[in-house]
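Q: Quick one: sequence plus predicted model below, questions after.
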Amino acid sequence: AQLVESGGGLVQAGSSLRLSCAASLRSYTFSRAAMAWFRQAPGKEREFVGGISRAGTTEYADSVKDRFTISKETDKKTVYLQMNNLKPEDTATYYCAADVNAILYTIPQNRESYDYWGQGTQVTISS
């Protein structure tokens, strides 16, 4: 697998979790990729959560802004999603994705732009 997520689990509302996405892409490819997190709840469409550009800038969905933070360690080819103050509506399977043809500051929010996907990690928030 090119992307492997980890860190999901079952926690109470108000708790925090940190998801990791380890990429087995070539270092050159990873350095030129925009990376993003999407999530999909049962019966719903997969939605953009947030992303980090090649340049290191970040964007977030309004629903997670000020609670979630994305970062990356290029030397480890790993992207993180720090999730704070979790809510029951954050319950979903979280997926990591890579756009290896990204423009420097661009973070696509549509699924079709992404070339690689992880298998997903389940996050469940109890009220």
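A: That came through, no problem. Keep in mind that this is a model prediction, so the values were computed, not measured.
Q: Where do the strands of this structure begin and end?
A: Assigned by DSSP state E, the strands in the chain fall at 3-6, 9-12, 17-23, 34-40, 47-52, 58-60, 68-73, 78-83, 92-99, 116-117, 121-126.
Q: The ones you listed into CSV, with extra columns for distance to I107 and mean neighbour count?
A: C-beta coordinates here come from the backbone N, C-alpha and C atoms, glycine included. Below are the strands of the chain laid out as CSV (distance: least, CB to CB, whole Å; neighbours: other CB atoms under 10 Å):
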stretch, distance to I107, mean neighbour count
strand 3-6, 16, 18
strand 9-12, 26, 13
strand 17-23, 15, 20
strand 34-40, 5, 24
strand 47-52, 4, 21
strand 58-60, 5, 17
strand 68-73, 9, 17
strand 78-83, 12, 22
strand 92-99, 8, 23
strand 116-117, 15, 18
strand 121-126, 21, 17
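Q: Can you find the helix or strand in the chain with the smallest mean pLDDT?
A: None of the helices or strands of the chain scores lower by mean pLDDT, DSSP states H and E than helix 27-31, at a mean of 93.
Q: what residues does that one touch?
A: Helix 27-31 is contacted from outside by A23, R54, T74, K77, A98, V100, using CB atoms under 8 Å, 6 or more residues apart in numbering.
Q: partner residues bridging the fifth one?
A: Okay, so that is A98. A98 has these beta-bridge partners by DSSP bridges: M35, Y116.
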